[in-house]
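**Student:** Structure for this input, please:
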Amino acid sequence: MSDPKRVYVETYGCQMNVADTETVMGLLRQDGFESIDTPDYADVMLVNTCAVRDNAEQRVIGRMGELKRHKRPGVVLGVLGCMAQRLGQRLLDEAPHVDLVIGPDGYRGLPELIAGAADGQRSTDVEFKSWEHYEDVSAARQGGPSAFITVQRGCDYRCTFCVVPMTRGRERSRTLADVVGEVQRLAAAETTEITLLGQTVNSYHDGDHDFGDLLRAVGAVDGVRRVRFTSPYPNDFSVSVVQAMADVSEVCEHVHLPVQSGSTRLLKPMGRRYTRQAYLECVDRLRSAVPDIAITTDIIVGFPGETDEDFDDTVSLVREVGFDDAFTFRYSPREGTGAVRLPDPVPDEVAGPRLERLIGVVRAEARRKNLALVGSTHEVLVEKPARRGKLLQTRTRQNKVVLVDGPTAWIGTYLDVRLTGTTGATFTGVPTLQRAELAVIP
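**Tutor:** Predicted coordinates for the structure are as follows:
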C-alpha cells in the first residue's frame with residue numbers, strides 16, 4: 001500500500017473560507033490524503049483565498065511566491081476559493097509555478113485534478129454549480145466545542161463594492177433537514193456551539209423553511225447549547241427571524257450587522273437596499289426582542305463620492321447605535337464591480353485620516369460599553385489557550401473575549417465568570433465557582 005499524500009493548506013479570509021477548507025480536507029481524506037502543518041514536506045500545497053479587498057489578494061500573491069521554493073518534481077501548488085474564481089485562467093497564465101486554480105464549487109474534483117497536476121497537467125475549474133452544497137462530505141474539522149456549518153452559498157444582492165456574487169455565484173440554501181442532520185452528528189461528538197454561515201445568512205430559505213425555522217430547529221437539537229450566525233443582511237430580519245431569536249434560548253445575544261455607511265445618500269450608490277433610518281429601525285427591533293444583544297458591524301470609508309457630510313453621518317451613526325465593535329476598512333476597488341465606474345474617487349490623503357478618526361470613535365464606544373460590564377457575571381465557553389501567558393481564552397454569549405486563569409482541562413466547558421477588567425476590547429475574569437467545584441468540572 002502506497003504512503004498517503006501529504007497536504008498543506010493555508011486559509012485566508014472569512015469563516016466561510018475556514019468552513020470550505022474543512023470541506024476540502026474532508027474530500028481529500030476520503031481519497032487517502034493526510035494533512036500536515038508545514039509546507040516543507042508537502043506533496044500538495046493549497047492556498048484558500050479571499051478576494052474581498054485588493055490587499056488580501058496581494059498578500060496571497062506574495063505568499064504563493066514564497067511557497068514556490070518548496071516545489072519539487074511532482075509537488076502540486078494550487079489556489080482555491082474566491083481569488084481563484086475571480087482570476088481563473090489568468091492566474092495560471094501569470095503564475096507559472098501554480099498548477100491548479102479551483103473555485104468554491106469545484107472542490108469535489110480536487111483528487112483527480114491533483115493527480116493530473118502531479119503529472120504536469122495544469123488546470124482550472126471555476127464553473128458555478130447551483131446544486132453544489134457538499135452535503136455528503138464529512139468535513140475535517142479540528143475538533144473542540146465549536147463548529148461552523150455553511151447553510152447558504154452565494155449571494156443575490158449586488159452591492160457595487162462587492163465581488164462575492166462573482167466569486168460565489170447565485171444564492172442557494174441547503175435543506176433544513178440536511179443542516180439539522182449535520183448538527184445532530186456534531187452534537188453527538190460533543191460540539192455544543194454551532195455557527196451558521198451564509199453570505200446573507202438570514203435570507204436562508206430552502207423552499208419550505210425560512211431562517212427563523214432553521215434557528216428553532218438547530219436550537220432544538222439535543223446537546224446544542226449555543227447557536228450563532230453570520231453574516232446577516234438588515235432587510236432580512238423578518239418577524240419570523242426576530243421572533244425566533246427572542247424565543248430560542250440557545251441563540252446567542254450577538255448580531256454582526258454590516259452597515260457599510262451611515263449616509264443614506266451614499267448607501268444608494270453602494271447598492272445597499274436600506275436607508276440609514278431603516279437600519280436604525282432594524283437595530284431597534286433587535287434590541288426590543290433581545291434587550292441585552294451585542295451588535296457589531298462592518299464600515300467602509302472612502303467609497304467613491306463620499307463627502308465630509310457623508311462621513312460625519314457614519315460617525316454619528318456609530319455613536320447613535322453604540323456598536324460593541326466594528327470592522328472598518330478603506331474602500332478597495334474590485335475589478336468587475338459597479339463601484340469602479342463611479343466618479344469622484346476619494347484620495348488617499350482624505351480617506352486615511354477619515355479611517356483613523358472612525359477607528360478612534362469605534363474604540364471609544366466599545367471601551368465605554370465594555371467598562372460598564374466590569375463587575376458583572378457572564379457564562380463563558382472555554383475555547384483554547386490564550387496567546388499570552390498561561391491564560392485561557394473564553395467567550396461570552398455576547399461574543400466578548402474573556403481571559404481567565406485555569407487548567408487546559410477546562411477547554412470545552414462552560415463557566416460563570418465575573419469580569420474583573422478590560423483593555424477596551426478583551427476582558428479579564430475570574431470564575432465564580434469555589435475551587436472545589438472547579439476541580440470537578442468535566
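**Student:** Hmm, residue 131 and residue 170 touching each other?
**Tutor:** No. Contact criterion Cβ atoms under 8 Å: residue 170 and residue 131 do not qualify, at 11.2 Å. For every residue, glycine as well, the C-beta is placed using N, CA and C.
**Student:** quick one, which of those two is more surrounded?
**Tutor:** residue 170 (11 against 7; other Cβ atoms under 10 Å).
**Student:** Run a quick neighbour tally on the nearest residue to that one once chain neighbours are set aside.
**Tutor:** What sits nearest to residue 170 in space, not counting adjacent residues and going by Cβ to Cβ, 6 or more residues apart in numbering, is residue 154, at 4.8 Å. Other residues near residue 154 come to 20 when the count uses other Cβ under 10 Å.
**Student:** Contact partners for residue 154?
**Tutor:** Neighbouring residues of residue 154 by Cβ atoms under 8 Å, 6 or more residues apart in numbering: 164, 165, 168, 169, 170, 171, 172, 199.
**Student:** taking those residues one by one, which sit in helices?
**Tutor:** 164, 165, 168 (DSSP state H).
**Student:** isn't the second one right up against residue 157?
**Tutor:** Meaning residue 165. Yes. Residue 165 lies in contact with residue 157 (Cβ under 8 Å); the separation is 7.5 Å.
**Student:** picking that back up, distance check, the residue nearest to residue 170 against residue 133.
**Tutor:** 11 Å (Cβ to Cβ, to the nearest Å).
**Student:** Okay, buried residues for stretch 121-139 please.
**Tutor:** Neighbour counts over stretch 121-139 (16 or more other Cβ atoms under 10 Å) mark 122, 123, 124, 125, 126, 128, 132, 133, 134, 137, 139 as buried.
**Student:** just to revisit the earlier point, ok, which pair from the contacts of residue 154 is furthest apart?
**Tutor:** 164 and 172 (13.5 Å; Cβ to Cβ).
**Student:** Share the number of residues neighbouring residue 375, please.
**Tutor:** Neighbours of residue 375 under the rule other Cβ under 10 Å: 10.
**Student:** same thing with residue 398?
**Tutor:** Neighbours of residue 398 (other Cβ under 10 Å): 17.
**Student:** quick one, what contacts it?
**Tutor:** Per Cβ under 8 Å, 6+ apart, neighbours of residue 398: 252, 253, 254, 292, 293, 294, 324, 378.
**Student:** Recalculate using a threshold of 10 Å.
**Tutor:** Contact analysis of residue 398 by Cβ atoms under 10 Å, 6 or more residues apart in numbering lists 252, 253, 254, 292, 293, 294, 295, 296, 324, 369, 373, 378.
**Student:** can you give me phi and psi for the nearest residue to the fourth one once chain neighbours are set aside?
**Tutor:** Of all residues not flanking residue 292 in the chain, residue 253 sits nearest, at 5.3 Å (Cβ to Cβ, 6+ apart). Backbone torsions of residue 253, given as degrees, to the nearest 10, read phi -90, psi 60.
**Student:** just the one 10 residues further on next, same as before
**Tutor:** Listed backbone geometry of residue 263 is phi -100, psi 120, with angles given as degrees, to the nearest 10.
**Student:** again with residue 417
**Tutor:** Torsion angles, degrees, to the nearest 10, at residue 417: phi -130, psi 150.
**Student:** From residue 404, how far out is residue 421?
**Tutor:** 12 Å.
**Student:** list residues touching both of those two?
**Tutor:** By Cβ under 10 Å, 6+ apart, the residues touching both residue 421 and residue 404 are 427, 428, 429.
**Student:** contacting residues for the first one?
**Tutor:** Spelled out, it's residue 427. Taking Cβ under 10 Å, 6+ apart as the test, what residue 427 contacts is 370, 373-374, 378, 380, 394, 396, 400-404, 417, 419-421.
**Student:** name the element residue 157 belongs to?
**Tutor:** Secondary structure assignment for residue 157, by DSSP states H and E: no helix or strand.
**Student:** Now it: closest residue in space that isn't a chain neighbour?
**Tutor:** Residue 157 sits nearest to residue 200 (Cβ to Cβ, 6+ apart), 6.1 Å away.
**Student:** if we can go back for a sec, now distance to residue 309 and pLDDT too, for the shared contacts of residue 421 and residue 404, in a markdown table please.
**Tutor:** Shown next, in a markdown table, are these (distance: Cβ to Cβ, whole Å; pLDDT from 0 to 100):
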| residue | distance to residue 309 | pLDDT |
| --- | --- | --- |
| 427 | 37 | 97 |
| 428 | 41 | 96 |
| 429 | 42 | 97 |
